[in-house]
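[1] Fold the following and give me the result.
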Amino acid sequence: MKKQLRFITSLLLLLVIGLIAGCQSSQQSSSQSQQPKKLVFGVAPGPYGDMIRYAIKPSLEKKGYTVELKEFSDYVQPNLALNNKELDANLFQHKPYLEKFSADKGLKLSPVINVPTAGLGIYSKKINATNESDLKKALKPGDEITLANDPTNLARALRLLEKNKIITLQPSIDATKASEKDIAQNPYGLKFSPIEAAQLPRSLDSITLSVVNGNYAIAAGINLSSAIIKEELSDELKNLIAVRTEDLDKQFVKDLKEIVESEEFKTVIEDPKHVFKDFQKPDWYTKKWNLK
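    As a prediction, this is how the structure comes out:
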């Protein structure tokens with residue numbers, strides 16, 4: 001009888017301890033769930049930090065997130081920082097760049113959704129031209145043109161020049177991987193100088209032309225409408241939000257996609273007081289909002 005009582009007492013004691021531990025665990029879990037969820041975004045200089053700040057961050061905060069922006073000075077560090085878990089997401093690049101960089105560095109990063117994007121433009125402080133025809137008339141042998149030196153944006157700039165018949169690329173090469181060495185015809189005798197994309201706007205003070213990425217043009221105070229020639233972006237060249245591949249099914253990624261597809265996001269993008277209104281819109285955006 002005494003043994004049975006001791007056994008029952010022991011069971012009751014264990015049950016009480018378990019209940020107390022369970023309550024503490026539940027309280028801790030509840031406390032943790034009430035803590036703000038912090039998301040750190042990486043961006044390059046230009047308008048995409050403002051896109052997050054004005055078109056994405058407010059809706060994330062309504063969902064209980066706190067949002068921090070980290071700006072990087074180049075196109076290299078944001079992906080390395082994302083891979084190293086210093087960031088939760090970044091917004092600065094298009095799909096070909098993401099894929100090439102990830103393959104070269106052995107990173108596992110994935111796109112979430114495209115956003116409205118400012119394209120490349122050909123700019124000059126030395127040539128007074130407003131179109132392709134006027135530009136060609138003003139060019140002379142030895143004029144120097146700067147382009148981004150990362151492989152995907154270099155090829156992209158060369159394709160823009162070829163499309164406007166300023167150069168001709170070798171027909172046998174993959175145009176998406178072209179470099180200045182693949183130029184077959186250079187009828188205007190231009191000198192090509194690949195440099196870091198962030199330095200392109202500054203180079204305009206000393207060279208004839210530059211093919212400048214939209215974000216760096218805006219960051220340098222260059223009006224996109226001042227481009228002599230503007231790039232027409234394919235959907236794959238429109239910038240995207242990227243995350244680590246392992247995070248694709250996490251709730252914050254689903255929330256990000258939902259917010260970008262929301263009417264609140266569209267309202268900010270179409271607001272004339274922001275630079276985004278004239279950005280080129282992704283296919284999903286024009287279809288969803290029935291835009292031409």
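[2] Name the residues linked to the nearest residue to Glu162 once chain neighbours are set aside by a beta bridge.
    Taking Cβ to Cβ, 6 or more residues apart in numbering as the measure, Glu162 lies nearest to Leu169, with 5.3 Å between them; neighbours along the chain are not counted. In this view, the C-beta of every residue, glycine as well, is placed from N, C-alpha and C. Beta bridges link Leu169 to Ile183 when assigned by DSSP bridges.
[3] measure Leu169 to Lys100 for me?
    Distance of Leu169 to Lys100, computed by Cβ to Cβ, to the nearest Å: 18 Å.
[4] on that earlier part again, go ahead and confirm the residue nearest to Glu162 touches Leu160.
    No - taking contacts as Cβ atoms under 8 Å, Leu169 lies outside contact range of Leu160: 11.4 Å.
[5] need the strands for the stretch 51-200 of the chain, in chain order.
    Taking DSSP state E, counting those that start in this stretch as the criterion, the stretch 51-200 of the chain carries its strands at 65-71, 89-93, 109-114, 121-123, 144-148, 168-169, 183-185, 191-195.
[6] Determine which of these approaches Ser262 most closely.
    Taking Cβ to Cβ as the criterion, strand 109-114 is the member of the strands of the stretch 51-200 of the chain that comes nearest to Ser262, at 11.5 Å.
[7] I'd like to check what contacts that closest one. Which residues are they?
    Outside strand 109-114, the residues that touch it by Cβ atoms under 8 Å, 6 or more residues apart in numbering are 79, 82-83, 89, 95, 98, 102, 235, 238-245, 248, 253, 256-257, 260-261, 282-285.
[8] ok, now stretch 76-93?
    Contact partners of stretch 76-93, identified using Cβ under 8 Å, 6+ apart, comprise 39-44, 46, 48, 51-52, 70, 72, 75, 98, 101-102, 105, 107-109, 112, 115, 215, 239-244, 247, 252-253, 256.
[9] Now it: buried residues?
    Of the residues in stretch 76-93, those with enough neighbours to count as buried (16 or more other Cβ atoms under 10 Å) are 77-79, 81-83, 87-93.
[10] can you list these in TSV and add distance to Lys266 and pLDDT?
    Listed next are the buried residues of stretch 76-93 as TSV, based on distance: Cβ to Cβ, whole Å; pLDDT from 0 to 100:
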residue	distance to Lys266	pLDDT
Gln77	31	97
Pro78	25	98
Asn79	28	98
Ala81	29	98
Leu82	26	98
Asn83	31	98
Leu87	26	98
Asp88	24	98
Ala89	20	98
Asn90	22	98
Leu91	17	98
Phe92	21	97
Gln93	22	97
